[in-house]
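Visitor: I would like the atomic coordinates for the input below:
(chains A and B)
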There are 2 protein chains.
Amino acid sequence: MTPQETVEAFIGHWNACDIDAMLALCADDIVYHNVPMEPIHGTAAMREMVEGFLANIAACDWEVHAIATNGNVVLTERTDGFTFKDGRRAAIRVMGTFELGAGGLITAWRDYFDMLEFQREFAG
Amino acid sequence: MTPQETVEAFIGHWNACDIDAMLALCADDIVYHNVPMEPIHGTAAMREMVEGFLANIAACDWEVHAIATNGNVVLTERTDGFTFKDGRRAAIRVMGTFELGAGGLITAWRDYFDMLEFQREFAG
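Guide: Predicted coordinates for the structure are as follows:
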């Protein structure tokens, strides 16, 4: 897979809520950074974070508005949609950078968004 | 200029605080959207906004960490640094999308960042 195909597949795994498939595309020492928060290091911590985050989520529908690649770096503009198990919906406007390593796995993921929007959308 | 060269030149004009040169690269009907805020329509409103924003700024140093192009869309990951006239400094971590029209001018600019970080950095 090209870097862009890997990122598209990764986003597809989010939309399938398939954490194992997501993590299979990530290097063990990935740095996962929701930029308004502290970065998370490694797939074990990432799994814990994502499992916690998805615990109340029934479905993800992340829409990619724009995607562009420069070497092993893929930049995305998205709206990340979520449906909670109680039926409520949320949407976060976000851009994210993905860096891929020599093995074709994601070594860094940085998402930029407004923390106030996130809090409003997830406050219920 | 290619779309990416145009965006790089546009960022260079920010770093020169040259509002006329910035606006010369923008289509008259540009939509300029700092995503946590309301979008601004047209170069006249954009000039007013940028002039107001730069009134207390002595220097900009915007650093581009990543840039990638797909057709007429250019995506950037940046740290936008500012030095105020009183010597204080601020830095905003941001990603931005630039869309270019048929004439090679910027028709849309959307910047994604954390409003809380912006407020902290600019609160002085």
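Visitor: So the most far-flung residue of chain A relative to its centre, which state does it fall into?
Guide: Farthest-out residue of chain A from its mean C-alpha position, per C-alpha atoms, centre = their mean: residue A:86, at 22.2 Å. Using DSSP: H, G, I helix; E, B strand; the rest coil, the secondary structure recorded for residue A:86 is coil.
Visitor: ok, it - contacts?
Guide: Contacts for residue A:86 (C-beta atoms under 8 Å, 6 or more residues apart in numbering or on different chains) come out as residue A:56. Backbone N, C-alpha and C define where each C-beta goes, glycine included.
Visitor: now residue A:119
Guide: Not one residue lies near residue A:119 by C-beta under 8 Å, 6+ apart.
Visitor: In chain A, mark out all the strands, start to finish.
Guide: A:26-34, A:40-41, A:57-70, A:73-84, A:89-100, A:106-112 (DSSP state E).
Visitor: Turn those into a markdown table, including mean pLDDT, distance to chain B and mean neighbour count.
Guide: Below are the strands of chain A laid out as a markdown table (pLDDT from 0 to 100; distance: least, C-beta to the nearest C-beta, whole Å; neighbours: other C-beta atoms under 10 Å in any protein chain shown):
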| stretch | mean pLDDT | distance to chain B | mean neighbour count |
| --- | --- | --- | --- |
| strand A:26-34 | 98 | 10 | 18 |
| strand A:40-41 | 98 | 16 | 16 |
| strand A:57-70 | 98 | 4 | 16 |
| strand A:73-84 | 98 | 4 | 20 |
| strand A:89-100 | 98 | 4 | 21 |
| strand A:106-112 | 98 | 4 | 21 |
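Visitor: want to try a markdown table for the ones you listed, with distance to residue B:23 as columns?
Guide: Compiled in a markdown table, the strands of chain A are given as follows (distance: least, C-beta to C-beta, whole Å):
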| stretch | distance to residue B:23 |
| --- | --- |
| strand A:26-34 | 34 |
| strand A:40-41 | 41 |
| strand A:57-70 | 23 |
| strand A:73-84 | 23 |
| strand A:89-100 | 24 |
| strand A:106-112 | 25 |
